[in-house]
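Student: What would the 3D arrangement of this be:
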Amino acid sequence: MKHRFDVVVVGGGHAGTEAAHAAARVGARTALITLRADAIGVMSCNPAIGGLGKGHLVREIDAMDGVMGRVADRAGIQFRLLNRRKGPAVQGPRAQSDRKIYRTEMQRETLQQPNLTVVEGEAVDFLMKNDTVSGVVLADGSEVSAGAVVLTTGTFLRGVIHIGDQSRPGGRMGDAPSVKMAERIDDFGLGLGRLKTGTPPRLDGRTINWEVLEDQPGDEDPVMFSFLHKTPFVRQVACAITHTNAQTHDIIRENLDRSAMYGGHIEGVGPRYCPSIEDKIVRFAGKNSHQVFLEPEGLDDTTVYPNGISTSLPVEVQQDYVRSITGLERVDITQPGYAIEYDYVDPRALDARLAVKTVPGLFLAGQINGTTGYEEAAAQGLVAGLNAAHVALDRESVMFSRSDSYIGVMVDDLITRGVSEPYRMFTSRAEFRLSLRADNADQRLTPKGIDLGIVGDKRRQVFENKMNRLTAGRDRVTEVSFTPQQIQKVGVAVNKDGSRRSGYALLAFPDFGFRELEMLNPDLGDMDVEIKQQLEREALYANYIERQSRDVQALRKDENLAIPPMFSYASIDGLSNELRAKLEKIQPGNLGQAARIDGMTPAALTLLLAKIRQSQRKKQA
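Tutor: Numbers count the residues shown, from 1 in each chain. Alright, predicted model coming up:
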């Protein structure tokens with residue numbers, strides 16, 4: 001059997017579904033190849049979406065009319081805005097999800113997406129045409145040709161599951177690994193490495209003593225992921241918090257040699273920011289307890305996910321240490337925790353489109369690029385899916401900059417710096433985080449999506465309506481002004497002899513909001529809450545963002561200075577051998593990317609800039 005599409009996406013995980021939807025929204029005839037259609041939307045690890053940095057990515061996906069945010073809202077059984085007491089720039093939305101609803105809603109969205117066809121099967125080889133990937137071959141011999149292929153293998157490339165000293169092949173619990181595709185990638189000569197991740201044991205919630213535990217309720221005013229939604233769709237629940245103790249730590253410490261990680265069975269590097277309970281005991285030896293968040297996996301599911309105690313210890317040891325924890329003394333484990341080790345491709349082999357530099361027609365997204373997390377995977381899927389569709393339809397590339405999105409920060413980090421451990425997004429990675437807030441993701445990216453033709457009519461109308469209201473509100477608070485005497489009456493300390501200040505300028509004061517502004521001018525009270533909150537955030541950061549804007553322009557100037565493909569770094573006198581080797585390996589696409597390579601110095605960058613300018617002048621002559 002032979003089938004023809006514009007884009008083929010391999011893998012139905014978070015990266016694959018977002019890539020397939022993105023390509024289909026562009027207008028490309030898209031095939032999503034997955035082992036089982038009923039596994040689309042499965043949350044393999046924790047039943048939650050978002051968090052610090054991660055929530056920003058979900059908002060940005062949604063701003064481009066992607067699916068993760070909408071589905072997470074429909075499946076959300078508890079919503080919390082993390083860092084609520086801190087500034088808006090570092091606040092991150094997070095939702096506890098109902099696994100079954102998330103999977104069902106993602107499958108519904110996928111089956112209803114125009115231009116998208118789900119194909120069940122295992123991709124085992126690539127079709128090649130003049131050294132360009134032109135499709136895939138399935139295990140049954142079927143050929144699916146396309147103008148571009150997006151590979152999203154997750155943890156399946158030569159995946160191995162470890163529980164204690166027991167190891168077996170697996171892409172995740174219950175699924176076989178992808179070995180033939182891994183062997184095929186070997187043929188391309190790409191740099192490969194091994195990483196590992198892990199999960200905690202799943203617990204039977206009916207055997208937990210909830211009465212002795214601390215409740216962790218959701219927010220009273222929940223913040224949704226999608227800019228299309230205002231309130232939750234399903235019943236909300238509370239999570240609970242417990243803690244490990246000295247006995248827990250003793251049990252783990254006594255059995256460290258039986259852990260897959262510490263017993264020498266795993267060579268892959270794990271995520272530093274999401275350590276196993278064994279790692280915590282070793283790395284934080286002086287700490288007497290660690291928090292454990294007990295997260296329900298669904299409204300009609302008794303399974304509980306104990307966030308904070310992922311492990312690769314033997315099953316009987318897991319049973320012992322879990323039952324040493326308060327509230328879990330009689331708990332039953334329904335599925336043991338395990339570690340999974342898998343292959344990844346050095347992301348420095350990719351360009352900013354997430355296309356493999358040396359293999360035309362092939363794009364990579366998700367954990368195959370050395371990242372961790374649903375959100376990072378989906379954001380990469382969006383980038384790869386858009387660009388694969390644009391290649392297939394002969395359109396210009398779609399680029400995301402560090403200055404306009406966390407998506408751009410992540411892609412740039414990956415392709416210029418590579419990874420030494422599973423990459424996780426944090427707000428601290430973004431130089432321009434004051435302007436890259438979760439609340440303004442639509443203002444930053446929805447116009448881009450509209451220009452690309454991937455934003456539906458409903459979202460475009462909602463966005464334009466918001467922008468009209470925001471502009472009108474900004475004009476109103478800018479036009480009104482108040483004397484120092486008036487301002488002092490609402491508790492703001494200003495110089496009595498100072499000039500009048502506009503309402504917008506007053507909103508920049510840390511302890512001044514619309515409540516105080518309405519005391520000065522009650523007529524402003526008729527604005528809706530969303531616009532009031534947005535104006536408060538904008539005004540608070542206005543001065544800082546103006547300064548950042550100048551830095552952004554400088555960065556864009558660098559980013560726009562392209563470095564020709566296969567540029568000769570050997571001809572640059574004064575470069576160290578180490579830097580020359582890194583530049584030749586990474587092949588940065590522009591001066592901005594070159595500047596962020598580890599070890600790059602201002603002096604070396606000046607030499608590179610001079611050589612590029614010289615090359616441009618020769619071409620012009």
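
Student: just for the stretch 501-621 of the chain, where's the confidence low?
Tutor: Scanning the stretch 501-621 of the chain for pLDDT under 70 picks out the ranges 551-552, 554-559, 602, 621.

Student: Which residue is most remote from the mean position of this protein?
Tutor: Distance from the centre of the chain peaks at Asp497, with 50.1 Å (C-alpha atoms, centre = their mean).

Student: Let me know the pLDDT of it.
Tutor: pLDDT, Asp497: 74.

Student: now do Val237
Tutor: Note on Val237: pLDDT of 97.

Student: I'd say it and Gln78 touch.
Tutor: Yes - applying C-beta atoms under 8 Å as the test, Val237 and Gln78 come out as touching, 5.8 Å apart. In this view, the C-beta of every residue, glycine as well, is placed from N, C-alpha and C.

Student: can you list the domain ranges for the chain.
Tutor: Following automatic domain parsing, one gets these domains for the chain: 202-338, 457-546, 561-620.

Student: now those in a markdown table, with distance to Asp186?
Tutor: Formatted as a markdown table, the domains of the chain follow (distance: least, C-beta to C-beta, whole Å):
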| stretch | distance to Asp186 |
| --- | --- |
| domain 202-338 | 17 |
| domain 457-546 | 42 |
| domain 561-620 | 18 |
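
Student: For stretch 93-103, buried residues please.
Tutor: Across stretch 93-103, burial judged by 16 or more other C-beta atoms under 10 Å covers 93-103.

Student: Check stretch 461-468 too.
Tutor: 462-463, 466.

Student: for the residues you listed, which one is nearest Arg70?
Tutor: Closest to Arg70 out of the buried residues of stretch 461-468 is Val462 (12.4 Å), distances taken as C-beta to C-beta.

Student: related to what we said a few turns ago, can you work out which residues contact both of Val237 and Gln78?
Tutor: Here Val237 and Gln78 have 96, 218 as joint contacts, going by C-beta atoms under 8 Å, 6 or more residues apart in numbering.

Student: Comparing those two, which residue is more hemmed in?
Tutor: Set Val237 next to Gln78 and count neighbours by other C-beta atoms under 10 Å: Gln78 wins out with 22 against 15.

Student: Surely the more buried one forms part of a helix?
Tutor: No - assigned with DSSP: H, G, I helix; E, B strand; the rest coil, Gln78 falls outside any helix and is strand.

Student: I'd say it and Gly218 touch.
Tutor: Yes - shown here, Gln78 and Gly218 form a contact pair, counting by C-beta under 8 Å, at 3.9 Å.

Student: which neighbours do those two share?
Tutor: Contact criterion C-beta under 8 Å, 6+ apart; residues shared by Gln78 and Gly218: 96, 236-238.

Student: Identify all contacting residues around stretch 535-549.
Tutor: Residues from elsewhere that reach stretch 535-549, judged by C-beta under 8 Å, 6+ apart: 87-89, 432, 434-435, 437, 439-440, 470, 473-474, 477, 504-508, 510, 513-514.

Student: For the stretch 401-550 of the chain, which segments are assigned as strands?
Tutor: Using DSSP state E, counting those that start in this stretch, the strands of the stretch 401-550 of the chain run over 481-482, 501-502.

Student: got those strands as CSV, with distance to Thr446 and mean neighbour count columns?
Tutor: Below are the strands of the stretch 401-550 of the chain laid out as CSV (distance: least, C-beta to C-beta, whole Å; neighbours: other C-beta atoms under 10 Å):
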stretch, distance to Thr446, mean neighbour count
strand 481-482, 32, 20
strand 501-502, 28, 17
